[in-house]
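>>> Quick one, what's the 3D model for this:
(one chain, ligands or ions: 1)
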Amino acid sequence: MNPIQMVDTKTQYHKIKNEVDAAVIAVMESSRFIGGDVVSTFANNLGKYHGSKHTIPCANGTDALQIAMMALGLKAGDEVITPSFTYIATVEVAALLGIKPIFIEVNKKTFCIETADIEKAITTKTKAIIPVHLYGHSADMEDIMNIAKKHNLYVIEDNAQGIGNDYTFSDGTSKKTGSIGHIGCTSFYPSKNLGGFGDGGAIFTDDDALAVQLKMIASHGQSKQYYHDVIGCNSRLDAMQAAILDIKLKYLDEYIAARRKSADYYDAAFASNEKITTPFRVGNNNHVFHQYTLTLNGVDRDALKLHLETQGIPSMIYYPVPAHKQKMFEAFGGGDYDLPISDWLTERVISLPMHTELEKEQQDFIVKNILDFVNR
Ligand SMILES: *Cc1c(COP(=O)(O)O)cnc(C)c1O
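As a prediction, this is how the structure comes out:
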C-alpha cells in the first residue's frame with residue numbers, strides 16, 4: 001500500500017505530467033510571465049465552465065475576497081454577516097478594511113451558514129452576506145439570495161472550497177456555486193479542488209459594472225495604463241499558474257467524480273456507526289468533497305487523531321477555533337458572541353484523507369483503524 005496522505009498532488013501531477021511540463025516550458029520560452037494570452041485563455045475557459053459572464057483572475061483566494069468587498073464599495077463601519085465556523089481569510093479581509101464581521105452560526109449538518117439566523121443579525125449597517133461553501137458543500141443559496149433581495153444586501157460567495165459544485169434551486173434549475181451571488185471568489189491554492197502549483201485565485205460576476213471595478217482594483221486601481229482612478233491593490237495570477245490551471249480545468253469534473261466516489265466509500269463504511277456522523281448531502285449534486293469531515297459523538301477525538309498518526313494515517317481538524325474566538329477578533333467584540341454550535345463543531349470534527357488519488361486499499365485501512373478505535 002502506498003503511504004497515505006491528506007492530499008496527493010504528486011500522483012495527480014504525474015498522471016498529466018507531459019501536458020503540464022509542455023505548457024510550463026511554453027510559458028518560459030515565451031517569456032511572458034505576467035498577463036498575456038495564457039492568462040486570458042484560462043480566464044475565458046474557467047468563465048465558460050463556471051457559467052459566469054466575467055472571470056477576473058487574481059493572486060489568491062484571500063485577495064479575491066478583499067477585492068470583492070472593495071469593488072462593492074464596502075468601507076469602515078459597514079457590517080458583513082458571515083459564519084464563525086470558517087477559514088480565517090473570509091473574515092480577516094473584512095476586518096482589514098475596517099468592516100465589522102458579524103458572526104453567526106453554521107448549520108450543524110451542512111457546516112454552512114445558518115440561514116435561519118441571518119435576518120436576526122441584520123442592522124442598518126449591514127451591507128453584505130458572505131456564505132462559505134465549507135468543505136465543498138453548498139450553502140443554501142436560494143434562501144440567502146431571497147434574504148439579500150428583501151434587505152437590499154450584497155452576497156459574496158466564498159467558493160474557495162466549492163469550485164465545480166452545482167447548486168440546485170427548488171424549481172429544478174441549477175447553477176455553479178460561486179456564480180449565484182453578486183460576486184463569487186475562489187482559490188487555486190495547491191490543495192484546493194482546482195489547485196495550481198503555487199498561489200492563485202479568481203473572482204466571478206455577471207455584473208458588467210462590477211467587473212470593471214474588480215479588474216481595476218486588482219490592478220492598482222488603473223483604468224488604463226498609468227491612470228489610477230481608485231485605490232486598488234496588486235493582485236495577479238501569473239502565466240505559469242494559468243497554463244497549469246487551464247490543463248487541470250479539463251479534468252476538474254473527473255477530479256470531483258473521484259472525490260465523490262471516495263466519499264461514497266467512506267459513507268458506506270461508517271453508515272451504521274452511532275458515534276460517527278458522515279457528511280450530510282442531498283443526492284450527489286451539492287458536495288464536491290474538498291474535505292471529507294466526520295462529526296464524532298462521544299469519541300476522544302485527540303486520542304483518535306493520535307492513534308491514526310501512529311498507523312501512518314494523517315487527519316486534520318478544520319477548524320480548531322471558530323473565528324469569533326480568535327485573538328485577532330477580540331477588538332471586534334469576538335468574546336461577546338455565544339455560538340454554541342460553532343463551538344460544538346470545533347470540538348468534534350475531523351477531516352480524513354480526501355483527494356483524487358485515494359486507493360480502495362488505503363480507504364479500507366483508514367476505515368478499519370477508525371472503527372477499531374471508536375468501537376473499543
Ligand atoms: C483557501 C481558502 C481561502 C483563501 O484562499 P488563499 O488562496 O489561500 O488565499 C478563503 N476561504 C476559504 C474557505 C478557503 O478554504
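
>>> Near the ligand, which residues of the stretch 151-300 of the chain are found?
The stretch 151-300 of the chain has residues 158, 160, 161, 187, 189, 199, 201 near the ligand, with proximity defined as Cβ under 6 Å from any ligand atom. C-beta coordinates here come from the backbone N, C-alpha and C atoms, glycine included.

>>> ok, now with 8 Å
Contacts of the stretch 151-300 of the chain with the ligand, taken as Cβ under 8 Å from any ligand atom, map to 158, 160, 161, 185, 187, 188, 189, 192, 199, 200, 201, 290.

>>> Just these: which are in strands?
Here DSSP state E is the test, and these give 158, 185, 187, 201 as lying in strands.

>>> the helices in the stretch 1-150 of the chain, which residues?
Under the criterion DSSP state H, counting those that start in this stretch, the stretch 1-150 of the chain contains helices at 9-15, 17-30, 37-50, 61-71, 89-96, 118-121, 141-151.

>>> counting contacts, what elements does the fifth one pack onto?
Read that as helix 89-96. Contacting helix 89-96 under the criterion 3 or more Cβ pairs under 8 Å, 6 or more residues apart in numbering; DSSP states H and E are the following elements: helix 61-71, strand 79-83, strand 100-104.

>>> Now mean neighbour count, distance to the ligand and mean pLDDT too, for the ones you listed, in TSV please.
Listed next are the helices and strands packed on helix 89-96 as TSV, based on neighbours: other Cβ atoms under 10 Å; distance: least, Cβ to the nearest ligand atom, whole Å; pLDDT from 0 to 100:
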stretch	mean neighbour count	distance to the ligand	mean pLDDT
helix 61-71	27	2	98
strand 79-83	25	10	98
strand 100-104	23	13	96
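
>>> what's the closest of these to residue 271?
When the helices and strands packed on helix 89-96 are compared for distance to residue 271 using Cβ to Cβ, the nearest one is strand 79-83, at 27.5 Å.

>>> what inclination does the closest one have with respect to strand 100-104?
Comparing the axes of strand 79-83 and strand 100-104 via axes from the mean of the first three to the mean of the last three Cα atoms, to 10 degrees yields an angle of 30 degrees.

>>> what are the pairing partners of strand 79-83, and which direction each?
Sheet pairing for strand 79-83, assigned by DSSP bridges, gives strand 100-104 (parallel), strand 126-129 (parallel).

>>> can you list the residues that contact it?
In this structure, residues lying in contact with strand 79-83 by Cβ atoms under 8 Å, 6 or more residues apart in numbering are 69, 74, 90-91, 94, 99-106, 112-114, 118, 121-123, 125-132, 134, 156, 323, 342.

>>> residue ranges with poor pLDDT in this protein?
Where the chain drops to pLDDT under 70, the residues are 283-285.

>>> And the strands in the stretch 201-350 of the chain, which stretches?
With DSSP state E, counting those that start in this stretch, the ranges of strands along the stretch 201-350 of the chain come out as 201-205, 222-224, 227-228, 276-277, 292-296, 349-352.

>>> Most proximal residue of the stretch 201-350 of the chain with respect to the ligand?
For the stretch 201-350 of the chain, the residue closest to the ligand is residue 201, as judged by Cβ to the nearest ligand atom, at 5.1 Å.

>>> Around that residue, how many other residues sit close by?
A count of neighbours around residue 201, defined by other Cβ atoms under 10 Å, yields 27.

>>> give me the beta-bridge partners of it?
In this structure, residue 201 has beta-bridge partners residue 58, residue 187, where bridges are defined by DSSP bridges.

>>> That one against residue 194, yeah?
No. Residue 201 is beyond contact range of residue 194, at 10.6 Å (criterion: Cβ atoms under 8 Å).

>>> so what sits against both of those two?
Common contacts of residue 201 and residue 194, defined by Cβ under 8 Å, 6+ apart, comprise 186, 188.

>>> Save the strands paired with strand 79-83 as JSON lines, and put in distance to residue 8 too.
What follows is the strands paired with strand 79-83, written out as JSON lines (distance: least, Cβ to Cβ, whole Å):
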{"stretch": "strand 100-104", "distance to residue 8": "34"}
{"stretch": "strand 126-129", "distance to residue 8": "35"}
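
>>> Out of these, which is closest to residue 250?
Comparing those by their distance to residue 250 (Cβ to Cβ), the top pick is strand 126-129, with 33.0 Å.

>>> does the closest one come close to the ligand?
No. Using Cβ under 8 Å from any ligand atom, strand 126-129 never reaches the ligand; the gap is at least 15.0 Å.
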